[in-house]
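Enquirer: how does the following fold in three dimensions:
(4 chains)
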2 protein chains.
Amino acid sequence: MFQERIAVPKRVNHEIRRRQIGEALLRIASARGLQSASMREVAAEAGVSLRLVQYYFHTKEELLLTSLAYLGERLATRVENHIRALGPVTPRNIVYGTLTAILPTDAESLDLTRAYTGYYTLVFTDPDLTTRHGATYPDKVERLLAMQLTAAQQAGQIDATLNPETIAAGLLALTNGLGSSVLGGQRDGAAALRILIDHIDRLFKP
Amino acid sequence: MFQERIAVPKRVNHEIRRRQIGEALLRIASARGLQSASMREVAAEAGVSLRLVQYYFHTKEELLLTSLAYLGERLATRVENHIRALGPVTPRNIVYGTLTAILPTDAESLDLTRAYTGYYTLVFTDPDLTTRHGATYPDKVERLLAMQLTAAQQAGQIDATLNPETIAAGLLALTNGLGSSVLGGQRDGAAALRILIDHIDRLFKP
DNA sequence: GCTTTGATGATACAGTCGTATCAAGAAATG
DNA sequence: CATTTCTTGATACGACTGTATCATCAAAGC
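Expert: Residues are numbered from 1 along each chain as shown, chains lettered A, B, ... in the order given. Presented below is the predicted three-dimensional model:
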């Protein structure tokens, strides 16, 4: 316990390095798929040696989980920015901003969606990873949507007989399904956005 | 051209063998994920030697594509059976039967959904596979739904101001999104089914 | 300047992958 | 019975995987 430090060594922000490497993985995941993200490929993409990747992430699972957390952060800040950019913070704008932020309509959201679907099938294959992941992002989004829908009902903007949780789950599932169709090349982001907006508009016009 | 056949050899139905092997791959894909479906694992699952898998499928891509075709057939027959089981062939029953057949509510539909999502991420990674795949199943389903919705409009069962293609795309995306949430463990098949039915009911009650 | 930490390099290990090649046995039909 | 096809077995190849181990070098701060 009496560990005397005679000299203070080179200091480097570990969080920055880990983020640099983790985002290299996310780039690979969205460009070539998560299964192409080997330790060596990640190192090359990050412009760093394989040894350093092992230095900051003792195992690949740790790299995978940490990068997933970064991905969640990026999606969350994108949602916030989208909502903020809409101006007045109304229930309708929150719902609209959240869903349109998730939908792959531009390069950033396309990257996010691609990376997320890569993780999605990985989690479905290895359920242990889900346990260690913990925070289920969709659940939080759904609760947020349900709250705003309830507020909209109280403001008389939505049919009051509807069940907010059911509608919220449906809206998120619709958005995710539309995103999948974009990734599958069935339609482009603009077409998907039109479909989503059409549904939101019908919901908010009783 | 004058190839005289002195003796007729052992005859085996190649299609049956290929199906046997292909469905072994689908079992692995839905149980442990498509990336766990190596040639050796497929051979073991099919109760057959690795050499025989190579004998009936010269390359893995051929095995993958053929199995995907089998998967499509199984989904198509499930949809047909679901529609038929509903009794009267009305537009509403066709829409309802199609979507509820796709949704993972029982063991079979869960297997189908799991296997399909495995292929989904594979296709998104390797676009060449999409090209050689050809038939885009979702497009056909969407057109079928749009036709039935149009018929329902003409019969006065649905708001005539709605765009059938938009509604059809939305319904299919909703169903797929709900299926993803079931696979992700966010809710069970029964809860997803309730949400889907709720949306269909609201659509058919103007 | 010395010590600690960050970073690289080369290399190795045991697996698994798809694919290929050899020989040889089993079955069915003319 | 002979011939053709089906089927297995063992084995090998090169490539890739995650992980590990060596030594070495650069940088920063006391």
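Enquirer: hmm, stretch A:14-30 touching chain B?
Expert: No. Contact between stretch A:14-30 and chain B is absent, the nearest approach being 9.9 Å (criterion: CB under 8 Å from any CB of the partner chain). Any C-beta I mention is one placed from the backbone N, CA and C, and that applies to glycine too.
Enquirer: what's in contact with that stretch?
Expert: Among residues not part of stretch A:14-30, those counted as contacts by CB atoms under 8 Å, 6 or more residues apart in numbering or on different chains are A:34, A:36-37, A:41-43, A:45-46, A:48, A:52-53, A:56-57, A:63-64, A:66-67, A:70-71, A:110-112, A:114-115, A:118-119.
Enquirer: do that again at 7 Å, thanks
Expert: With contact meaning CB atoms under 7 Å, 6 or more residues apart in numbering or on different chains, stretch A:14-30 is reached by A:36-37, A:41-42, A:45-46, A:48, A:53, A:56, A:63, A:66-67, A:70-71, A:111, A:114-115, A:118.
Enquirer: show me the shaky parts of chain A.
Expert: The model of chain A has pLDDT under 70 over residues A:1-11, A:130-135, A:206.
Enquirer: do that again at 90, thanks
Expert: Low-confidence segments of chain A, defined by pLDDT under 90: A:1-14, A:123-138, A:205-206.
Enquirer: what parts of chain A come near chain B?
Expert: Proximity of chain A to chain B, by CB under 7 Å from any CB of the partner chain, involves residues A:32-33, A:35, A:117-118, A:120-121, A:124-125, A:130, A:136, A:138-139, A:166, A:169-170, A:173-174, A:176-178, A:180-181, A:183-186, A:195, A:198-199.
Enquirer: how about a cut-off of 8 Å?
Expert: Applying CB under 8 Å from any CB, one finds that chain A approaches chain B through A:32-33, A:35-36, A:114, A:117-118, A:120-121, A:123-125, A:130, A:136, A:138-139, A:163, A:166, A:169-170, A:172-178, A:180-181, A:183-187, A:194-195, A:198-199.
Enquirer: quick one, which of these are buried?
Expert: When neighbours are counted using 16 or more other CB atoms under 10 Å in any protein chain shown, the residues of chain A next to chain B contain these buried positions: A:32-33, A:114, A:117-118, A:120-121, A:123-125, A:138, A:166, A:169-170, A:172-178, A:180-181, A:183-184, A:186-187, A:195, A:198-199.
Enquirer: and these, which of them are in helices?
Expert: A:32, A:114, A:117-118, A:120-121, A:123-125, A:138, A:166, A:169-170, A:172-178, A:180-181, A:183, A:195, A:198-199 (DSSP state H).
Enquirer: is DNA strand D within reach of the longest helix seen in chain A?
Expert: Among the segments of chain A that qualify as a helix by DSSP H, the longest is helix A:60-85. Yes. Counting by CB under 7 Å from any atom of the strand, DNA strand D is contacted by helix A:60-85 at A:60-61.
Enquirer: and the next helix or strand past that helix?
Expert: helix A:91-102 (DSSP states H and E).
Enquirer: so how far is residue A:101 from residue A:113?
Expert: In this structure, residue A:113 and residue A:101 are separated by 11 Å, where distance is defined by CB to CB, to the nearest Å.
Enquirer: cool, residue A:170 as well?
Expert: Taken as CB to CB, the span from residue A:170 to residue A:101 is 18 Å.
Enquirer: identify the residues contacting stretch A:199-206?
Expert: Outside of stretch A:199-206, the residues that reach it under the criterion CB under 8 Å, 6+ apart are A:92, A:95-96, A:99, A:152, A:157-159, A:167, A:171, A:174, B:170.
Enquirer: redo that, cut-off 7 Å
Expert: A:92, A:95-96, A:157-159, A:167, A:174, B:170.
Enquirer: in terms of distance to DNA strand D, which of these ranks first?
Expert: When these are compared for distance to DNA strand D (CB to the nearest atom of the strand), residue A:174 comes out closest, at 34.5 Å.
Enquirer: next, the contact list for the closest residue to the closest one other than its chain neighbours, please.
Expert: If you skip the residues right next to it in sequence, residue A:174 has residue B:174 as its closest partner in space, 4.6 Å away by CB to CB, 6 or more residues apart in numbering or on different chains. When contacts are counted by CB under 7 Å, 6+ apart, residue B:174 is found next to A:170, A:173-174, A:177, B:196, B:199.
Enquirer: do residue A:100 as well
Expert: For residue A:100, the set of contacting residues under the criterion of CB under 7 Å, 6+ apart consists of A:82, A:193, A:196.
Enquirer: does any bit of stretch A:42-57 sit next to DNA strand C?
Expert: Yes. Stretch A:42-57 reaches DNA strand C (CB under 7 Å from any atom of the strand) through A:48-52, A:55.
Enquirer: before we move on, back to that, could I get the contacts of residue A:100 as CSV with distance to residue B:20 and neighbour count?
Expert: CSV is the format used below for the contacts of residue A:100 (distance: CB to CB, whole Å; neighbours: other CB atoms under 10 Å in any protein chain shown):
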residue, distance to residue B:20, neighbour count
A:82, 50, 19
A:193, 45, 18
A:196, 43, 23
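Enquirer: just the residues you listed now: which is nearest DNA strand C?
Expert: Within the contacts of residue A:100, proximity to DNA strand C (CB to the nearest atom of the strand) peaks at residue A:82, which comes in at 34.1 Å.
Enquirer: wait, the closest one sits on residue A:101?
Expert: Yes. In this structure residue A:82 lies within contact range of residue A:101 using CB atoms under 7 Å: 3.7 Å.
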